[in-house]
Each structure stands twice: as structure tokens, then as C-alpha cells.
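[1] Starting from these lines, generate the structure:
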Amino acid sequence: MHLVVRTFSEVCLTAGTLIVLFVAYVLLWTGVKADRAMDGEMTRLRDSWAAAPAAAPQPAPEQAPAPTTAPPPPAYPEGRAFAEMHVPRFGADWNKPVLEGTGTEVLKKGLGHYAGTARPGGTGNFAVAGHRRTYGDPFKDVPELRPGDLVILKDAAGWYTYTVRAEPLRIQPDEVGVVDPVPRRSPFTTPGRYLTLTTCDPEWGHSHRLVVWAELTGTRPVSQGGPEGLPR
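    Residues are numbered from 1 along each chain as shown. Below you'll find the predicted structure:
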């Protein structure tokens, strides 16, 4: 009997140790790895911008786009960073790379752009996904966003300021229409230049999604530096 009790105790102790180690991995080590990966993506992105000629930003909402017959720009390479995002509500130092795609490995390195949705500043819906928890917790504070908050994007061409127009909405995972060009269930009813942020809900689960919508309210070329409070 004593042997059975001792064996059972050792099994419980081992199992408990493994659980503690797993929780530490999820909470700490994935965050360390993600922070390193995001820093690497940001460095590569900024190096590529420094080496490339300046491009023209998308026109601001009040500007009519000039007629053109040029072909649309090529799609972003899968898994590569092409922009960075700043959200003042999340802190002055909060900035994350935006990569093409929303696959598991992509979201370990930053935020993911839904393929086929608009480009930063472009007509349509620029839709982005990010982890709520683990892998750096990039969208941990999405529930704190409120109408009037800013989400600022920078790419090789310019800076794009979006203004949040609605409080976060909780939806089912299969409600994919929220990333349509005119997103379903959003406050928008006509074509425009929109931003959609999506993340998991509840905080440590994935039974639902949280969605935040914003509208483009300003653009400026890279040469003029970022908006007030951001790097110039």
C-alpha cells in the first residue's frame, strides 16, 4: 500500500512540474521568442525602406485619386513584413510589424494582414489579425479601444492614420464578412477606406473573436515624419 501511495505521489509531483513548465513556456518563453522575432522583422523592414527609393503614399480621403491605367501593385510576399502599426492607446512604445498572411507561423512574428484585403490607406478594408495572448500578447489590450482612438500605419510610402469608429464587437469565428471591403456589422454602409482589427476572445480562449473598426482620416508622406507623438 505504501508503495502505491508513494508511486501515485511521485506521478502527481511529476505531472505538476510538467504543468508548471508548460505554463511558464506559454506565458514567458513564447513571449520572449515573439519579441525577438518582431524586433528582427522591424529591423529588416526598416533596412529595406532605407535601401529603396521613396514611393508615393495613397491619397488622403478628401483627395480624389488621379486617373491611372497602371496595373495594380503586386501582392505582398507571404510571411514578409511590409508595414508597422502604432496604437497610442496601448502605450507610446507600442509598435508591431504587419506581415502578409494570417497563418500560425506568421502570427508568431507579429500581426497578420488578411490576404486579399486592402493595402494601408487604400480603398477597401485593410484587415489585420493578432494574438490576444501568447507570442508577445500584441492585441492584449484591444478591448480597451474606444471611438476616437487612433491606429497609425507606416509603410514604405507614407503614414496612414485611422480613427476608431465603434467599440469592440464580439462575434462568432465564422463571421468572415467583417473583413469584407465594406465590413458587415460595422458602422460603415458605403465603400471607403477602412481598417479592421481582429483577435481571439475570451482572453485565454478562442471560442469567439473581437473586432474593431476604424476609418482612414489622414495620410502624410514618409518625408514629413510620423504624426505628433510618433518618430519623425
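[2] can we go C-alpha only for contacts and neighbour counts from here?
    Will do.
[3] Is the residue nearest the centre of the chain bridged to anything, and to what?
    Closest to where the C-alpha atoms of the chain average out (C-alpha atoms, centre = their mean) is residue 111, at 3.6 Å. In this entry, residue 111 is beta-bridged to residue 98, by DSSP bridges.
[4] surely it meets residue 96?
    Yes - applying C-alpha atoms under 8 Å, one finds residue 111 in contact with residue 96, separated by 6.9 Å.
[5] got any residues that touch both of those two?
    residue 138 (C-alpha atoms under 8 Å, 6 or more residues apart in numbering).
[6] on that earlier part again, next up, the contacts around the residue nearest to the centre of the chain.
    The contact partners of residue 111, taken as C-alpha under 8 Å, 6+ apart, are 96-99, 102, 128-131, 138.
[7] And it, how far from residue 220?
    Distance, residue 111 to residue 220, by C-alpha to C-alpha, to the nearest Å: 23 Å.
[8] Make a markdown table out of the contacts of residue 111 and add distance to residue 146.
    Listed next are the contacts of residue 111 as a markdown table, based on distance: C-alpha to C-alpha, whole Å:
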| residue | distance to residue 146 |
| --- | --- |
| 96 | 20 |
| 97 | 22 |
| 98 | 22 |
| 99 | 25 |
| 102 | 25 |
| 128 | 17 |
| 129 | 18 |
| 130 | 18 |
| 131 | 19 |
| 138 | 17 |
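[9] I'd like to know which of the residues you listed are part of strands.
    Assigned to strands by DSSP state E, the following of the contacts of residue 111 qualify: 96-99, 128-129.
[10] List only those of those residues flagged as buried.
    The neighbour count (16 or more other C-alpha atoms under 10 Å) marks 96-99, 128-129 as buried among those.
[11] That'll do, ta.
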